[in-house]
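Participant: fold the following and give me the result.
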Amino acid sequence: MAQNPESDPACDVAHGKAEGGTAERTLVAVFASPVAEYLLRYGRDLGFTPVLVDPDPERARAAGAVTAVPGLDGTADVVVTDHHREELGEVLRDALAQPARWIGVLGNPRHKGPHVAALQALGVDTADIARVHRPVGLNIGSRTPPEIAIATLAGLLADRNGRPGGFHF
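Facilitator: So this is what the prediction gives:
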C-alpha cells in the first residue's frame, strides 16, 4: 500500500510545507581552491556556516579567508581541498587538536595520503591520524571541482545522517 505523502514529514519538508530543521553545522574548507569555492557555496545552501582557511596570508587575503583554523566544536566538518600544500600537516594537526565532528583530505584513494607522513613528522598520535578520512565523498566518478564538491557534501550528509550513501536504503 502506498504511503500518503501528506503524512510523511520528509515529504512535507521537500514540498515546503514544513521547516527542515535548524541544526548548527559548520563547514571548514582548508586551502583556497576551486573545490573549496564550490564546497562553501553549495554548503551554504545545505545549511552549513561556511569558513575558508588558507594559512598563506596573500592567498587568504585574495580569497577572503582566515589564516588559521578557527575554534571548532562538534558541529564542524573540515575538508582539506589540496593535499600538495606544504602546510598540510600543520593545518591538520591544528584541526585534530579540536573536537571537530569530521576531518577529511581530498585525494585519489589509489595513492597513499601524504597527510600521514606529514602528521607523523609533527609527532601526531596514530589514533588522531586515523581520524582523518581519505578519500572523502561518495564515489560518483567526480572529476570537476563542482562534481567533487557535490560528492564530498553528499558524503558528509550521509555520514551525519548515519547512512552509507549510494542507492541502498
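
Participant: could you pull up phi and psi at the residue most central in space within the chain?
Facilitator: Among the residues of the chain, the one closest to the centroid is Val79, at 3.8 Å (Cα atoms, centre = their mean). For Val79, the backbone dihedrals are phi -120, psi 120 (criterion: degrees, to the nearest 10).

Participant: surely it meets Gly104?
Facilitator: Yes - here Val79 reaches Gly104: they are 5.5 Å apart, a contact under Cβ atoms under 8 Å. Yep, even glycine has a C-beta here, placed from its N, CA and C like the rest.

Participant: show me the shaky parts of the chain.
Facilitator: Counting by pLDDT under 70, the chain has low-confidence residues at 1-7, 9-10, 12-14, 18, 20-22, 168-169.

Participant: show me which helix runs longest in it.
Facilitator: Using DSSP state H, we find that the single longest helix of the chain is helix 145-160.

Participant: off-centre distance for that helix?
Facilitator: Centre-to-centre, helix 145-160 and its host chain are 7 Å apart (Cα atoms, centre = their mean, to the nearest Å).
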